[in-house]
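**Student:** I would like the atomic coordinates for the input below:
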Amino acid sequence: MGLMKPLTSHVTVWIDAPVDAVWDLVSDVTRIGEFSPETFEAKWTKGAKGPAVGAHFAGHVKRNGVGPTYWSPCRVTVCEPGEVFEFAVGTDTVAVNNWGYRLSARDGGTEVTEYFRLEPALPLRLYWLLLGRLRGRTNERGMRTTLERMKQVLEAPGSDGKEEQ
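**Tutor:** Prediction:
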């Protein structure tokens, strides 16, 4: 199993917007439906009102953009404003997957890296061995689409992400 490809991948996009504006967007899970090709809505749950470690939310997912459709319970695991927003997908006791965004100021804008990481449990390792290449490409396309759509919103004239000239 040492030769198995890692259960992770990422996509990085530079956005011409300040880190704070990008952070506000990536950490507002209620807006993910505007950007993601699979998760078409999300809502804070269990009394959560916004991003904080331990906050719960649910994502309404249409797998591969075609189905099946289901709600995925999620919990924020890393919340460092302006730097990292990460969440686990699964229950409080069994996480299946982790998704996140890393931000860094670069060249007057923000470099944003979206990533996912499957938990290293044996069933997930077998899944990745059998379907990982296909699912990895799907996830990479989805992450690129999500980030490019966010970039369009943040770079639009008059947006909160970029001052008008």
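
**Student:** what about Ala17, is that helix, strand or coil?
**Tutor:** In three-state terms, and counting by DSSP: H, G, I helix; E, B strand; the rest coil, Ala17 is coil.

**Student:** Would you check that it makes contact with Glu155?
**Tutor:** Yes: the pair Ala17 / Glu155 is scored as a contact, 6.3 Å apart, by C-beta atoms under 8 Å. (C-beta placed from N, C-alpha, C; glycine too.)

**Student:** ok, these two, which is more surrounded?
**Tutor:** The neighbour count for Ala17 versus Glu155, taken as other C-beta atoms under 10 Å, is higher for Ala17 (25 against 14).

**Student:** Check what pLDDT that one gets.
**Tutor:** For Ala17, the model assigns a pLDDT of 97.

**Student:** ok, now Leu147?
**Tutor:** Per-residue pLDDT puts Leu147 at 97.

**Student:** beta partners for Val61?
**Tutor:** Val61 has these beta-bridge partners by DSSP bridges: Thr39, Tyr70.

**Student:** Please verify my assumption that it contacts Trp71.
**Tutor:** Yes: assessed by C-beta under 8 Å, Val61 is found in contact with Trp71 at 7.4 Å.

**Student:** who's more crowded, these two?
**Tutor:** The neighbour comparison of Val61 against Trp71 (other C-beta under 10 Å) goes to Val61, with 20 against 13.

**Student:** Next one: that one relative to Tyr115, how far apart?
**Tutor:** 18 Å (C-beta to C-beta, to the nearest Å).

**Student:** before we move on, what about Ala156?
**Tutor:** From Ala156 to Tyr115 the distance is 25 Å (C-beta to C-beta).
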